[in-house]
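A.B. asks: Give me a 3D structure for the following:
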Amino acid sequence: MTPLVSIRALCKTFVVPGPYPWIAARHVPAVVDVNLDVADGEVVALVGQSGSGKTTVSRMVLGLEAPTTGEIWIEGKRWDNLGEGERQARRIAYQYVPQDALAALDPQQTVLEHVMETLVVLARVPRADAAERGAAMLARLGLAHRHHALPRELSGGEQRRVTLARVLALEPRLVVADEPTSGLDPERRASVLEDLVGNLPERAGCILVTHDLDAAFPYCHRVVVMLEGRVIETFDPRKDTPTHPYTRSLLDPWQDTSPGAL
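C.D. replies: Below you'll find the model as predicted:
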């Protein structure tokens, strides 16, 4: 069966200019030879500390960053080499949940207006239907009583649920969520992840970018661990025990992972 997303030998190198004209630019490898498939209905956690390359991979999957080398295929069609004009018609099916929810929201729009605008502008849904669909999705996410609230009047968890509602109301085939629980306490992290994964459309795939491996465990089918731009371990959290010392340190930062302790 053709994967929903197929990443092959993906590399990304950033060119950092020198501080002065006479100092040569540096080439910084951010992603190195990454291979990854996401199947229909699969939730894959892309895990690693800051600077591991996970966000860069997610941005390349969505076409927000161009690969240096490698290929990205979505629904059996080459994606990375398309121009933006060709991508535009398909973008509605491939959606992004941002890390900074408040920055992604219009301070002058209410909760319901955010979801309605997404449906009207991107999906060309009539306003009356958009209001009905938006209200239904907000109710599923526990925001039925917050339709007229502005972003500054919402809690951090509520702000994130608004960004989820905008995405999920479009019934996408692929959702890429970049640290959707950043800054939340453990209880709210679990609640937001449950709302995201529990409301994905049938057969939709999800790439969950996170540094919080422990929080991701109950909500994903597979964990892909990145370090210094490379994939160092892949496992099924429902039945496998991670073996790499770096992965174990993400689960328990206080444990001794030195060679003598293994």
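A.B. asks: Tell me where the stretch 151-262 of the chain has helices.
C.D. replies: 156-168, 186-198, 213-216, 245-251 (DSSP state H, counting those that start in this stretch).
A.B. asks: right, so those helices: which one is the most enclosed?
C.D. replies: helix 156-168 (a mean of 23; mean count of other C-beta atoms under 10 Å). (Each C-beta comes from the backbone N, C-alpha and C, glycine too.)
A.B. asks: Which residues does that helix contact?
C.D. replies: With contact meaning C-beta atoms under 8 Å, 6 or more residues apart in numbering, helix 156-168 is reached by 95-98, 101-102, 104-105, 111, 114-115, 118, 134, 137-138, 141-143, 146, 149, 151, 154, 175, 180-181, 183-184, 188, 191-192, 195-196, 199-201.
A.B. asks: Now do the contacts for the nearest residue to Ala190 once chain neighbours are set aside.
C.D. replies: Leaving aside its sequence neighbours, Ala190 sits nearest to Ala215 (C-beta to C-beta, 6 or more residues apart in numbering; 6.6 Å). Ala215 is in contact with Thr181, Pro186, Arg189, Ala190, Leu193, counting by C-beta under 8 Å, 6+ apart.
A.B. asks: quick one: least confident of those residues?
C.D. replies: Among the contacts of Ala215, Pro186 carries the weakest pLDDT, at 80.
A.B. asks: And the residue lying closest to it once chain neighbours are set aside, how far from Val32?
C.D. replies: Distances taken as C-beta to C-beta, 6+ apart put Ala215 closest to Pro186, at 7.3 Å, once the chain neighbours are dropped. Applying C-beta to C-beta, to the nearest Å, the value for Ala215 to Val32 is 26 Å.
A.B. asks: same thing with Leu174?
C.D. replies: 24 Å.
A.B. asks: With neighbour numbers in mind, choose between these two.
C.D. replies: Comparing Leu174 with Val32 by other C-beta atoms under 10 Å, the one with more neighbours is Leu174, at 22 against 18.
A.B. asks: thought the more buried one was touching Leu4?
C.D. replies: Yes: counting by C-beta atoms under 8 Å, Leu174 touches Leu4, with 6.3 Å between them.
A.B. asks: Report the set of residues contacting both of the two.
C.D. replies: Val38, Ile74, Gly205.
A.B. asks: Could you check how many residues crowd around the nearest residue to the first one once chain neighbours are set aside?
C.D. replies: Meaning Val38. Closest residue in space to Val38, ignoring its immediate chain neighbours: Val5 at 4.0 Å, by C-beta to C-beta, 6+ apart. Neighbour count of Val5, defined by other C-beta under 10 Å: 23.
A.B. asks: Correct me if wrong, but Leu46 is in a strand.
C.D. replies: Yes: counting by DSSP: H, G, I helix; E, B strand; the rest coil, Leu46 is located in a strand.
A.B. asks: All set, thanks.
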